[in-house]
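**Q** Take a look and give me a structure for this.
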Amino acid sequence: MDENIQTFWHQFCKKHKINENTPVEAWAFGATRKDADELASLVDKGIKTATTSAYELYGKDEKLPKVNESISIVESAIKIRDSNIGE
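**A** Residues are numbered from 1 along each chain as shown. You can find the predicted model right below:
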């Protein structure tokens, strides 16, 4: 994981009183830098509040997302936003 993302995660954990060893994933939406920036902006504004993924594309041993997990959404310039997976 990128050093900027690790630093952000440690600060986020401290702020929210979460164990720093709690697993987290960081990823960007979309297929391009422009998509990543636009979609992260929509999340930040509270407009984009959901996403999906294709269950069939997960590997046998690959972890599936769960409700209330914390994630970090990364823009193309490694600006990081925190979010929770909701119901």
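**Q** those strands in this structure, which residues are they?
**A** 25-27, 70-74, 80-84 (DSSP state E).
**Q** which strands and helices sit next to the first one?
**A** Spelled out, that is strand 25-27. Under the contact criterion of 3 or more Cβ pairs under 8 Å, 6 or more residues apart in numbering; DSSP states H and E, strand 25-27 touches strand 70-74. For the C-beta atoms, the positions are set from N, CA and C on the backbone; glycine is no exception.
**Q** Need the pLDDT of Ile73.
**A** pLDDT, Ile73: 65.
**Q** since we're on the closest residue to Tyr55 other than its chain neighbours, how many residues are nearby?
**A** Once flanking residues are discounted, Tyr55 sits nearest to Leu64: 7.6 Å by Cβ to Cβ, 6 or more residues apart in numbering. Applying other Cβ atoms under 10 Å, we find 8 residues neighbouring Leu64.
**Q** Then Trp27?
**A** 10.
**Q** Ok, the one 4 residues further on next?
**A** Neighbour count of Ala31, defined by other Cβ under 10 Å: 8.
**Q** pull the helix or strand with minimum mean pLDDT from the chain.
**A** Every helix and strand of the chain was ranked by mean pLDDT, DSSP states H and E. The lowest is strand 80-84, at a mean of 55.
**Q** In the protein, where is pLDDT below threshold?
**A** 1, 70-87 (pLDDT under 70).
**Q** Right, I'll leave it there.
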